[in-house]
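A.B. asks: dropping the sequence and predicted coords here.
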Amino acid sequence: MTRPAASSPEVVVRVSGFVKRYKQHLAVDRLDLTVKRGEIYGLIGPDGAGKSSVMKAIAGVLRYDGGSAEVFGILVDSERAAERVKPRIGFLPQGLGLNLYPELSVEENIDFFARLRLVPEPELRARKSRLLAITRLDRFRSRLMKQLSGGMKQKLGLICTLIHEPELAILDEPTTGVDPVSRRDFWAILAEWQADKGMTALVSTAYMDEAARFHRLSFLSHGRVLASGTPAEIQSLVPGLVVTFESSPQLEAVARLKRRYAQVESLGPLLHVFTAEREPKAAVAGIRQALENLPVEHVHTEEPELEDVVVALLLKEREEQSGESAGSDHVARPAGRQQLDGLAVEAKELIRDFGSFRAVDRVSFDMKQGEIFGLLGANGAGKTTVIKMLNGIVPPTAGEGRVAGVDMRTAGGAIKERIGYMSQAFSLYLDLTVIENIRLFAGIYGLARREAQQRTEWIVEMAGLTGYEDDRTGRLPMG
C-alpha cells in the first residue's frame, strides 16, 4: 500500500505528559506525542483508550488536567490560545455527521462552513466542485443532510472540515460506520490534500487495514501508549505466525484451542490462530497437539498482520493487569432458546419507493434459524430500508415477508416482541446511564425481574462495560 511521502520534519503537534481525568476516571495518563509537518499520523486503540480526549484537546475544544499540548508552537492551555490555533485546523468529531446541520442541504452545509471560515467566493466554488466530485456527492447537492446515508454524512462532514484548506486536519474515527467505497473515497481525499496542499493529518481509526496508510502511529490502551512507530516497526513487536485451517466440529476445536492460544478466531469454516512459533512446521504441530484427535485440514501459515499484533499487545496488557490467562473465556451465557428449525426471515420481491425514488427493488432472500446472515452494500444501497420493512417499521410498496413466523405486513407488534433491533441512528437514551438503558429495554421486552438481572450481569461483562454501569450513555466512547 502506497503512502504519501512526508515532507519537512517541522513539528506541528507536540503533546508532553498529557493527563485528562473525568471525575475519578483517569482517561489519559502522561501521554507523549509528536506529529511532523506533512505527516498522516494515526491513533489506534480500543474504545475508551483516550484517543478522542487527546484529539479534542489538540483541537482546542477540551481542557486537560496535566502536561502540555502545543500546536504550531502555540501552547493550547486557554480559550484565547485555542482561538489562535482554530483558523489553521479542521476538526471532524467522532460520530456520523455530528458537525453538520440536519435541516440544511448538502450545499447549504458546505456554504455555511465556508462562510464561517471566511473562504472567498471564487475559491469556494472551485473547492466545492472538486470536493463534491471526488466524494461523489455532486448529484446530491440539494438533498437534506438528515436524508443522507451514514457514509454520505461522513463524506459531507469531511468536505466541511477541509473547505478552508486547513494546515492540520484532526479526524476522529472518520470512517467508522462507513462502507468500503466511501472509506476509499475518504483516503483518496486525504492523500490528495496531503500531496497537493502539504496538509498534516492526525487520524484515529478502528480499522487496522487503514493503519498501514499512516506514516507513523501510536497504539493507545487505557490512556497510555503501548507502542509507537511506523506500521512495520509495530508489526515486528510480536513475533509469531498465523495458522489458518479447517477443523470439525468447529465449536469443540475452538474450545480446545483456547486452552493453549490467546488468539483464536472463527472465520466462516476457517479457524485463525496466532501462535508464538516462528517455524511453520512447529506452529502446525502445536495446533495438531492442542486439537488431539480432531482433523486439521487445508492448512495455511502466514506472517501476522498489524491487527494480530495489536490484539496480542492488548491481551498481554490485560493478562499483566488481571493476572488471568489471556486465552480464558469466562463469560458464561444465560440459558436461551434452542429451537433452530425452519426459517427465521423470508423476504419476497420487496419494493420500497420514496416518491419517485426506488430505494429497494424486488429484494428476495431466506434466513434460517440459527444463521448469521449479512446484508452487504454501499451506503444508500437499501440495507436499512429492507430491515425496517421486515421489522414492520416501514411499510413496503410491494412484496411480502415473514419474520419469526409472522407476516410483516399485518403483525408488526408481534414481530417487535420476538426480535432484538438495533437501529443505525437511535438505539439508546443518552441521558440515562448504562444500567438504566439495559433495565429499560429489559422492561420493554417483558423480562421477569430475576431473568433481567441475570442477563444484565452477563451483558455488562460480555460487552466490556464493567466499571461504566453508572456512566451516562452520552458520555461513552462511540464503540
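C.D. replies: Arrived safely. Numbers count the residues shown, from 1 in each chain.
A.B. asks: which pLDDT value belongs to Tyr230?
C.D. replies: If you look again at residue 230, you'll see it is Thr, not Tyr. Per-residue confidence (pLDDT) for Thr230: 94.
A.B. asks: identify the residue nearest it in space, chain neighbours excluded?
C.D. replies: Arg216 (5.6 Å; CB to CB, 6 or more residues apart in numbering). For glycine as for every other residue, the C-beta is placed from the backbone atoms N, C-alpha and C.
A.B. asks: show me the contacts for that neighbour.
C.D. replies: For Arg216, the contact set (CB atoms under 8 Å, 6 or more residues apart in numbering) comprises 39, 41-42, 228-230.
A.B. asks: now restrict these to buried residues only.
C.D. replies: Neighbour counting with 16 or more other CB atoms under 10 Å marks 39, 41-42, 228 as buried within those.
A.B. asks: which one of those residues sits closest to Ala344?
C.D. replies: Ranked by distance to Ala344 (CB to CB), the buried ones among the contacts of Arg216 are led by Gly42 at 39.7 Å.
A.B. asks: neighbouring contacts of the helix or strand the closest one falls within?
C.D. replies: Using DSSP states H and E, the element containing Gly42 is strand 40-44. Residues from elsewhere that reach strand 40-44 (CB under 8 Å, 6+ apart): 3-4, 6, 13, 35, 51, 54-55, 190, 194, 200-206, 208, 210-211, 213-220, 310.
A.B. asks: narrow those to those in helices?
C.D. replies: Counted as lying in helices by DSSP state H, out of these, are 51, 54-55, 190, 194, 208, 210-211, 310.
A.B. asks: in those, find the pair that's most separated.
C.D. replies: Once CB to CB is applied, the ones in helices among the contacts of strand 40-44 give Gln194 and Val310 as the farthest pair, at 24.1 Å.
A.B. asks: find the nearest non-adjacent residue to Glu79, please.
C.D. replies: Nearest residue to Glu79 in three dimensions, chain neighbours excluded: Gly60, at 7.9 Å (CB to CB, 6+ apart).
A.B. asks: for the residue nearest the centre of the chain, give me phi and psi.
C.D. replies: By CA atoms, centre = their mean, the chain has its centre lying nearest to Thr176, at 3.8 Å. For Thr176, the backbone dihedrals (degrees, to the nearest 10) come out as phi -70, psi 130.
A.B. asks: please begin residue numbering at 168 from this point
C.D. replies: Okay, residue one is now 168; in that scheme the one you just asked about reads as Thr343.
A.B. asks: so it makes contact with Ser371?
C.D. replies: No: with contact defined as CB atoms under 8 Å, Thr343 and Ser371 do not form a contacting pair (9.1 Å).
A.B. asks: now do the shared contacts for those two.
C.D. replies: Common neighbours of Thr343 and Ser371 (CB under 8 Å, 6+ apart) are Gln261.
A.B. asks: now the strand holding Gly209, how far from the centre of its chain.
C.D. replies: 15 Å (CA atoms, centre = their mean, to the nearest Å).
A.B. asks: on that earlier part again, okay, the buried ones among the contacts of Arg383 in JSON lines with distance to Gln430 next?
C.D. replies: Below are the buried ones among the contacts of Arg383 laid out as JSON lines (distance: CB to CB, whole Å):
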{"residue": "Glu206", "distance to Gln430": "31"}
{"residue": "Tyr208", "distance to Gln430": "27"}
{"residue": "Gly209", "distance to Gln430": "22"}
{"residue": "Ser395", "distance to Gln430": "22"}
